[in-house]
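Engineer: Sequence plus predicted model, see below.
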Amino acid sequence: MVAAPSRARQACRCAERMLRRMRPMARPQKKVVDEQKEQPPAPPATRDWGDTLPAFVKNISWLRWLEPLTPERRLAVALTAFAALLFIPWLGATGFWDPWEPHYGEVAREMIARGDYIHPWWESSWFFSKPALDLWLMAAGMLVANTNGPDRWTGIYTEWCVRLPYAAITIVGAILIFVMANRLLSRRAAVIGTIAILTSPLFVFLARQAVPDPVFVGLLEGAMACLMIVMFETDELPREGWAAAFYCFVGLATLSKGLLGFALPGAAALVYCTATGEWHRLRRLHLPAGALIVLAICAPWYGTLFAFDGRDDEGKTFFERFIIHDHFKRLAVGVHTTTPGGTFTYFIEQIGFDTFPWVFAFPGAATVLARIRLRPQNTRDRALLFLLLWFLIGFAVFAFSATKFHHYALPILAPLLLLGALWIEELLAQGLRAQAGSVFAGGVLYALVAHDLAMTPKHLTDMFVYNYDRPYPERETDPRQVFTLLFYAAPAVALSPWLFDRLAQWGRWLKALRRKSTRAELRKAYLARFEGAPLTSPEAPQDRNVAALALVSLAVVFAAWCGWYHWRKLSQHWTQRDLFWEYYHQSQPDEPIGAYQMNWRGETFYSKNMVRQVGRAAPSVSLPDFVNGPGARKWVLVEQARLGPLRSALGGMGRLRVVEARNNKFVLAVLEKSEEKTPAQQPHPEEKPPGQFGAPP
């Protein structure tokens, strides 16, 4: 009877001992759970540009459709609106610039007049120097504006309608570069880089020119952007659409400029795969199907012209002129250039003018290049390496070319500006002190280019004209004061936070000198600094923000001023539209117009190929034959420098009266035969102030 209770007590003691052993094991688990409960919540993710709409946009009812869009699409819309605002105003306010715009414009007008959109024609012979895409774009604009209508005048909307597709293609290329950079690099770099592309002076001027280069470069940028997205994007979304867009851009670029349309993208992709060994990325491109797309776009027109047996004014077939002469001879021998024998430094100088004020970021871009690896490990590294190859291959091709024009640097500006934007992003993240070397080098480079532009503003027009010896209208439009003001204002704004901080600091020191304890502390700090004590004060974030904002603001203001104002003031001296406006409004339909020893192309386009070439090689007429032709009065276009020789050549054949001479290159005059009674002169209209003559905007 006693044994049973004792056994029960023993069992209870064993159970208590087991519980004591288990308690220390349970306590730490409880502590971990408690610590997890006590941990603060994770900080919210940092918002990037475009993640939310600004408050003022949300309050505008007709912009609320932007809210459901992705940040990439919202920013693309904003950049498109910015580019349209920069390029489209006053797009047709000026005439075509001699000689390229009216040259290609006349070929396009002849397509309409002849009803032949396949075989280009210029003046009195076939024209084989350029492919068809640019001519078709110009012809489409002329059809909309009815340029070749029954009126003698080409119409005030011709230039606007013709140039609009060129500005639009420039914008498309920049926006696709933004999409690529946003996906492969970073959003901030993409936004800054796109703004840099749109505001660089060469882009600003060429987007307003109906010449092949903005079309080719816009299509090339689109092709490169699509190619990089297809090759390097890591998500699992289908890429067939981007690949098809790449081949469409390549085909159109080839139809715009020739072999470079597919040679530059192909060379960049081939060198990248060779250097990295990532040949498997070519499988994403679907090369056989892509080749068919390119051929479908290019082969019909090129095949037709290769089989065509017509010859141009020098007796060359299309293959001899376009492929042999305009490609290989231009590259290897040097033909048709106004700057023969240029060295590799030629484009280094031009890039500085073409991209001002973004040259400030180029030393920093070099530090970004220094970190590029030949064996990239992620998407960003691969994109950076490809951008480097794009720039180097393009620069090498144009630097080795024996034929050089200033605007040949345009195809390589986009990758260089993107690399500069990546450094500006690092500057915003790390601060001015961490990037001091690049900031100082960029400041020196900025000062050198700004000085040259302010002293010689002719560098701006030389970016995109044909003859660099043509006189610059310094008396009529002198931008030196504006340049000096802008170029000094930006550094002043960039340095203002630092200056204000120093002034405020000195002010606090002066106030504190009245107290003995403060003077002792200042003396102690002063001695410590001379003994090598490091700086401990943190860098103010507004320093870097204001510096970057000053750079962007200068670029936007400078681009707007160049495109909206300066380009219009210059244009009247590089176009004959205003002179023909005077001719058509002061002459009778039976009074012919002649161009004396001129070959600037504008006289052919604005007269609709009715101008009489006088004193030139055939086909032309001699001066006596022109004077003795039908009509009591003849009108004459002549260069300012040849006005005196023309009077001497006339002798007693007639009397020459200048009607318009405010153009610093050309003169419009009326010629009256001396042996006939001159008709009663119409009262001359009241003279307009200088610089305001000609066709209305």
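Structural biologist: Received it, and whenever you're ready, just let me know what you need.
Engineer: any idea how far Leu551 is from the nearest residue to Ala547 once chain neighbours are set aside?
Structural biologist: Spatial nearest neighbour of Ala547, excluding adjacent residues (CB to CB, 6 or more residues apart in numbering): Ala494 at 4.2 Å. (Each C-beta comes from the backbone N, C-alpha and C, glycine too.) Distance, Ala494 to Leu551, by CB to CB, to the nearest Å: 7 Å.
Engineer: same question, Trp153
Structural biologist: As judged by CB to CB, Trp153 and Leu551 stand 45 Å apart.
Engineer: Quick one: the helices in the stretch 201-350 of the chain, in order.
Structural biologist: Using DSSP state H, counting those that start in this stretch, the helices found in the stretch 201-350 of the chain span residues 201-206, 212-232, 240-257, 260-276, 287-307, 318, 330-332, 345-354.
Engineer: More neighbours: which of Trp153 and Leu551?
Structural biologist: Per other CB atoms under 10 Å, whichever of Trp153 and Leu551 has more neighbours is Leu551, with 24 against 17.
Engineer: Show the contacting residues for that one.
Structural biologist: Neighbouring residues of Leu551 by CB atoms under 8 Å, 6 or more residues apart in numbering: Pro357, Trp358, Phe360, Ala361, Ile424, Ala490, Ala494.
Engineer: out of the residues you listed, who's nearest Glu582?
Structural biologist: Comparing the contacts of Leu551 against Glu582 with CB to CB picks out Pro357 as the nearest, at 39.1 Å.
Engineer: How many residues are close by the closest one?
Structural biologist: 27.
Engineer: what about the nearest residue to it once chain neighbours are set aside, which helix or strand?
Structural biologist: Spatially, and ignoring its direct neighbours in sequence, Pro357 is nearest to Leu554 (5.1 Å; CB to CB, 6+ apart). Using DSSP states H and E, Leu554 sits in helix 541-561.
Engineer: going on from that helix, what's the next piece of helix or strand?
Structural biologist: helix 567-571.
Engineer: so where's the stretch 251-400 of the chain shaky on pLDDT?
Structural biologist: Along the stretch 251-400 of the chain, the parts satisfying pLDDT under 70 run over 337-342.
Engineer: switch to 50 and redo it
Structural biologist: Low-confidence segments of the stretch 251-400 of the chain (pLDDT under 50): none present.
Engineer: and what of the stretch 551-697 of the chain?
Structural biologist: Applying pLDDT under 50 to the stretch 551-697 of the chain flags residues 676-691, 694, 696-697.
Engineer: how does it look with 80?
Structural biologist: 616-620, 631-632, 673-697 (pLDDT under 80).
Engineer: Show me the helices in it, by range?
Structural biologist: Using DSSP H, counting those that start in this stretch, helices in the stretch 551-697 of the chain cover 567-571, 577-586, 602-606, 623-627, 643-650.
Engineer: Give me whichever of those helices is most buried.
Structural biologist: Most buried of these, by mean neighbour count (mean count of other CB atoms under 10 Å): helix 602-606, with a mean of 28.
Engineer: What is it packed up against?
Structural biologist: Contacts defined by 3 or more CB pairs under 8 Å, 6 or more residues apart in numbering; DSSP states H and E place helix 602-606 against helix 100-114, helix 577-586.
Engineer: quick one: the very next helix or strand once past the longest one to chain centroid distance?
Structural biologist: Just to be clear, that refers to helix 100-114. Downstream of helix 100-114, the first helix or strand assigned by DSSP H and E is strand 121-122. Distance, stretch centre to chain centre, for strand 121-122: 30 Å (CA atoms, centre = their mean, to the nearest Å).
Engineer: now stretch 645-663
Structural biologist: Centre-to-centre, stretch 645-663 and its host chain are 43 Å apart (CA atoms, centre = their mean).
Engineer: again, but for stretch 57-64
Structural biologist: 30 Å.
Engineer: change the start of the numbering to 14 and stick with it
Structural biologist: All set: I'll call the first residue 14, so the last point we hit is now stretch 70-77.
Engineer: circling back: in helices, which of the contacts of Leu564 appear?
Structural biologist: Secondary structure defined by DSSP state H assigns Ile437, Ala503, Ala507 of the contacts of Leu564 to helices.
Engineer: Quick one: these as a markdown table, columns for distance to Ile336, pLDDT and neighbour count too.
Structural biologist: Output for the ones in helices among the contacts of Leu564, formatted as a markdown table (distance: CB to CB, whole Å; pLDDT from 0 to 100; neighbours: other CB atoms under 10 Å):
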| residue | distance to Ile336 | pLDDT | neighbour count |
| --- | --- | --- | --- |
| Ile437 | 42 | 96 | 26 |
| Ala503 | 47 | 92 | 23 |
| Ala507 | 50 | 89 | 24 |
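Engineer: which one of the residues you listed is nearest Cys174?
Structural biologist: Ranked by distance to Cys174 (CB to CB), the ones in helices among the contacts of Leu564 are led by Ala503 at 36.4 Å.
Engineer: Would you mind giving the helices of the stretch 214-363 of the chain as a markdown table with distance to Val204 added?
Structural biologist: What follows is those, written out as a markdown table (distance: least, CB to CB, whole Å):
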| stretch | distance to Val204 |
| --- | --- |
| helix 214-219 | 16 |
| helix 225-245 | 15 |
| helix 253-270 | 21 |
| helix 273-289 | 24 |
| helix 300-320 | 30 |
| helix 331 | 44 |
| helix 343-345 | 36 |
| helix 358-367 | 21 |
